[in-house]
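Chemist: Below are the sequence and a predicted model; questions follow.
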Amino acid sequence: MLDSFGQEVLNRAQSLELLGSTGLGRVVFTDRGMPAVQPVRFALDEHALRFGVPVGSVLAAAARGNVLAFEADSLTPELDAGWWVTVLGHANTDDVTAGECLVRMSLEVVTGRRVRVGQ
(Lines give C-alpha, C1' and ligand atoms only; values in the text may rest on other atoms or scores of the structure.)
Protein backbone atom coordinates (compact mmCIF):
# COMPACT_ATOMS: atom_id res chain seq x y z
CA MET A 1 0.00 0.00 0.00
CA LEU A 2 1.21 3.53 -0.78
CA ASP A 3 0.56 6.63 1.28
CA SER A 4 -0.52 9.98 -0.17
CA PHE A 5 3.13 10.83 -0.92
CA GLY A 6 3.61 7.62 -2.94
CA GLN A 7 5.74 5.93 -0.28
CA GLU A 8 5.28 2.29 0.65
CA VAL A 9 3.57 1.89 4.02
CA LEU A 10 5.28 -0.77 6.16
CA ASN A 11 3.44 -2.88 8.71
CA ARG A 12 4.56 -3.17 12.34
CA ALA A 13 6.63 -6.34 11.79
CA GLN A 14 8.44 -4.87 8.78
CA SER A 15 9.08 -1.63 10.65
CA LEU A 16 10.50 -3.41 13.70
CA GLU A 17 12.72 -5.59 11.51
CA LEU A 18 14.22 -2.50 9.86
CA LEU A 19 14.53 -0.73 13.20
CA GLY A 20 16.49 -3.70 14.52
CA SER A 21 18.95 -3.44 11.63
CA THR A 22 20.41 -0.15 12.86
CA GLY A 23 21.67 1.13 16.18
CA LEU A 24 21.39 4.90 15.85
CA GLY A 25 18.21 6.93 16.06
CA ARG A 26 16.74 10.20 17.26
CA VAL A 27 14.61 10.76 20.35
CA VAL A 28 12.07 13.58 20.24
CA PHE A 29 11.03 15.02 23.59
CA THR A 30 9.88 18.26 25.19
CA ASP A 31 12.38 20.64 26.79
CA ARG A 32 10.88 23.69 28.52
CA GLY A 33 7.77 23.51 26.36
CA MET A 34 9.68 23.25 23.08
CA PRO A 35 10.41 20.20 20.90
CA ALA A 36 13.94 18.83 21.17
CA VAL A 37 15.79 16.06 19.32
CA GLN A 38 18.72 14.01 20.60
CA PRO A 39 20.58 11.31 18.66
CA VAL A 40 21.12 8.10 20.65
CA ARG A 41 22.54 4.63 20.20
CA PHE A 42 19.83 2.14 21.04
CA ALA A 43 18.93 -1.52 21.39
CA LEU A 44 15.58 -3.06 20.51
CA ASP A 45 13.74 -6.02 21.99
CA GLU A 46 10.20 -7.25 21.36
CA HIS A 47 8.72 -4.84 23.90
CA ALA A 48 10.85 -1.70 24.00
CA LEU A 49 13.64 0.51 22.79
CA ARG A 50 16.46 0.97 25.30
CA PHE A 51 19.14 3.63 25.35
CA GLY A 52 21.47 5.20 27.87
CA VAL A 53 21.52 8.88 28.77
CA PRO A 54 23.53 10.85 31.33
CA VAL A 55 21.96 11.06 34.78
CA GLY A 56 20.68 14.59 35.30
CA SER A 57 20.33 15.31 31.58
CA VAL A 58 17.26 17.01 30.13
CA LEU A 59 16.47 13.82 28.22
CA ALA A 60 16.66 11.71 31.40
CA ALA A 61 14.17 14.05 33.07
CA ALA A 62 11.92 14.09 29.99
CA ALA A 63 11.86 10.29 29.87
CA ARG A 64 10.45 9.78 33.36
CA GLY A 65 6.85 8.73 32.76
CA ASN A 66 6.33 10.77 29.61
CA VAL A 67 5.55 9.94 25.99
CA LEU A 68 8.52 10.20 23.63
CA ALA A 69 8.86 9.92 19.88
CA PHE A 70 11.71 8.08 18.18
CA GLU A 71 12.91 7.93 14.57
CA ALA A 72 15.56 5.88 12.77
CA ASP A 73 16.26 5.66 9.07
CA SER A 74 18.54 4.51 6.30
CA LEU A 75 18.52 6.57 3.11
CA THR A 76 20.78 6.81 0.07
CA PRO A 77 22.80 10.02 -0.30
CA GLU A 78 20.47 10.99 -3.16
CA LEU A 79 17.44 10.43 -0.88
CA ASP A 80 15.77 8.38 -3.61
CA ALA A 81 15.75 5.04 -1.78
CA GLY A 82 15.58 3.94 1.83
CA TRP A 83 13.30 3.65 4.81
CA TRP A 84 12.35 5.32 8.06
CA VAL A 85 10.54 4.12 11.15
CA THR A 86 8.89 6.18 13.87
CA VAL A 87 7.84 5.01 17.32
CA LEU A 88 5.65 6.63 19.96
CA GLY A 89 5.61 5.29 23.48
CA HIS A 90 5.79 5.90 27.19
CA ALA A 91 9.26 6.03 28.66
CA ASN A 92 10.76 5.38 32.07
CA THR A 93 14.27 5.30 33.44
CA ASP A 94 15.78 2.21 35.03
CA ASP A 95 19.19 1.26 36.36
CA VAL A 96 21.72 3.95 37.07
CA THR A 97 25.35 2.97 36.52
CA ALA A 98 28.47 5.10 36.16
CA GLY A 99 26.53 8.32 35.71
CA GLU A 100 24.19 6.87 33.11
CA CYS A 101 20.56 5.81 33.37
CA LEU A 102 18.81 3.40 31.06
CA VAL A 103 15.69 4.67 29.30
CA ARG A 104 13.07 2.10 28.34
CA MET A 105 10.57 3.30 25.74
CA SER A 106 7.51 1.17 24.95
CA LEU A 107 6.57 0.37 21.34
CA GLU A 108 2.99 1.64 21.46
CA VAL A 109 2.73 3.11 17.95
CA VAL A 110 5.17 1.87 15.29
CA THR A 111 4.99 3.15 11.72
CA GLY A 112 7.34 2.89 8.79
CA ARG A 113 7.78 3.97 5.21
CA ARG A 114 9.99 2.82 2.36
CA VAL A 115 10.86 4.84 -0.72
CA ARG A 116 12.46 3.35 -3.82
CA VAL A 117 13.89 4.82 -7.00
CA GLY A 118 11.00 5.71 -9.29
CA GLN A 119 8.40 6.05 -6.53
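Modeler: Arrived safely. Predicted model only: the values in this text are computed from it and were never measured. Numbering: from 1, shown residues only.

Chemist: Which SSE is immediately downstream of the longest helix seen in the chain?
Modeler: Secondary structure of the chain per DSSP state H: the longest helix is helix 12-19. Going down the chain from helix 12-19, the next helix or strand is strand 24-31, by DSSP states H and E.

Chemist: Can you name the residues in contact with the lowest-mean-pLDDT helix or strand in the chain?
Modeler: Lowest on mean pLDDT, DSSP states H and E among the helices and strands of the chain sits strand 82-97, with a mean of 92. Contacts to strand 82-97, defined as C-beta atoms under 8 Å, 6 or more residues apart in numbering, come from residues 10, 15-16, 18-19, 48-49, 55, 60, 62-76, 101-115. To be clear about C-beta, it is placed using only N, CA and C from the backbone, and glycine gets the same treatment.

Chemist: From those residues, which land in strands?
Modeler: Using DSSP state E, 10, 48-49, 67-75, 101-106, 109-115 are the members of the contacts of strand 82-97 that sit in strands.

Chemist: For those residues, which PyMOL command selects only the ones that are buried?
Modeler: Of these, the buried ones go into a single PyMOL selection, burial set by 16 or more other C-beta atoms under 10 Å:
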select buried, resi 10+48+49+67+68+69+70+72+73+101+102+103+104+105+106+110+112+113+114+115
